[in-house]
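**Student:** output the structure for:
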Amino acid sequence: MANSSILINDVLVFNGCNKDVFRANIFVEDSLIRKISEQDIIVPEDTLIIDGKGKFLMPGLIDAHWHTFMSSNTMIDLLTADSAYTQIKAIKEAENTLLRGFTTVRDAGGPVFGIKRAIDEQILPGPRIYPCGAIISQTGGHGDFRAVYEEPRPFDCCKLSHTEEIGAAIIADGVDAVTVAARNNIRLGASQIKLMTGGGVASLYDQLEDTQFFEEEIRAAVKAAEDVGTYVMVHVYVPRAIKRAVLAGVKSIEHGHLIDEPTMEFMAQKGTWLSMQPFTYNDNQYPSKAQQDKHKIVVDGTDHTYNLAKKYQVKLAWGTDLLFNPMNTKNQNQGILKLQKWFTNYEILRMITYDNAQLLSLSGSRNSYPGKLGIIEENAWADMIILDGNAMDNIDLLGDPGKNILLIMKGGEIFKNIL
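**Tutor:** Have a look, this model is predicted:
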């Protein structure tokens, strides 16, 4: 359980939003930051007092496109292993994620409602999770991993496929089916809805340039989300599919690596978020040459997309999207360092804290953590990390969290302290 009150004295504070850092003492009580002061803070007698030793304090890291379940299991695990085994692997990875400094993740698809509840009830350690639940895909779309011998069927009429049974994906064709799928995810606890509206790398039956779901199908999900105060995020790469999603009311474009300039300008005009990943060739490995070739095309589009996003000042979020390669999850923090090609250290630190938190806040009344995330200010959630060095000067410090992150706090509870 968290200490009822904690005082951290003498830290150099980056608040997540402002470029200027400052020396201060921080008092935490009942999961929230209660006072920030350059002067001594008078605290209750039973307060835990920590000497910050002048180290660099910042908000906890936020990954806006993480897969708690799918990053910790291989594709073969997902399709063949006992569900208890795959959930245990995901539970362990949730703890590892927190210990890498990530106090919050937006889970971009997978069966994580149980893991989220256990974390929130402090049964096990892990980050705050904003879950989508099962990804929603059309037949033959990016979320369709059925075997070729499995017959397509009307939604909710027959035996479910294995990926549907475990809560990884839902196949929904038509307005009615998409409406039911979105509403069911919300019923189960989704904070936002995830649709696959374009082709993907890992999927078997589509191409990257595919446009998936009709506009009226996407609108059905958007309406279902808006009716309960939240929004839709979509997996998509190509201009035609991106524009269709934006026209349908989608708030967050995931990936977008093959976008063109007119479409990026259109996103800027509409105020749509772009949740990007600075992919490199070694991030994800796929079993077939066709999948690897698609992965290369996506990687090659990364530079162009970031440059366009900067040109039109599109609202940018950052995530990792590591999939099906459990040995690679330890490299989650490396995705932060790759951003140095396009952004200053300040811009990166803001993106992975405050900016990502603004995107997550779009979940409105479906937000399990109402309040202020991604910022160090009074009455914000006490989610913070302390680094052994100034990340404004050397952001590479975040690349080795085991060594350089000295303290990890989430909701006023300390999960690591080697100060």
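
**Student:** what residues does stretch 30-49 touch?
**Tutor:** With Cβ atoms under 8 Å, 6 or more residues apart in numbering as the contact definition, stretch 30-49 has outside contacts at 2-7, 9, 13, 22-28, 371, 376-382, 411-413. From N, CA and C alone the C-beta is placed, and that goes for glycine too.

**Student:** give me that answer again for 6 Å
**Tutor:** The list of residues contacting stretch 30-49 from outside it, by Cβ atoms under 6 Å, 6 or more residues apart in numbering, reads 3, 5-7, 24-27, 378-380, 382, 411-412.

**Student:** in the stretch 51-200 of the chain, which spans are helices?
**Tutor:** The residue ranges that make up the helices of the stretch 51-200 of the chain, judged by DSSP state H, counting those that start in this stretch, are 75-80, 83-99, 113-120, 162-165, 175-188.

**Student:** and of these, who's closest to Leu204?
**Tutor:** Closest approach to Leu204 among the helices of the stretch 51-200 of the chain is made by helix 75-80 (10.2 Å; Cβ to Cβ).

**Student:** so for that closest one, what's the average pLDDT?
**Tutor:** For helix 75-80, mean pLDDT rounds to 84.

**Student:** just stretch 100-120 next, same as before
**Tutor:** Taken as a whole, stretch 100-120 has an average pLDDT of 97.

**Student:** show me which residues of it are buried.
**Tutor:** Neighbour-count burial for stretch 100-120 flags 100-113, 115-116, 119 (criterion: 16 or more other Cβ atoms under 10 Å).

**Student:** residue nearest the centroid of this protein?
**Tutor:** Among the residues of the chain, the one closest to the centroid is Ala64, at 2.4 Å (Cα atoms, centre = their mean).

**Student:** how about the contacts made by that one?
**Tutor:** For Ala64, the contacting residues are 106, 275, 317, 319, 356, 359, by Cβ under 6 Å, 6+ apart.

**Student:** tally of neighbours for the fifth one?
**Tutor:** Here the neighbour count serves as a burial measure; for Asn356 (other Cβ atoms under 10 Å) it reads 29.

**Student:** what do you get for the fourth one?
**Tutor:** Gly319 has 25 neighbours, counted by other Cβ under 10 Å.

**Student:** ramachandran coordinates for it?
**Tutor:** Torsion angles at Gly319 (phi, psi; degrees, to the nearest 10) stand at phi -150, psi 180.

**Student:** among the contacts of stretch 30-49, name the buried ones.
**Tutor:** Neighbour-count burial (16+ other Cβ under 10 Å) is assigned, among those, to 3, 5-7, 24-27, 380, 382, 411-412.
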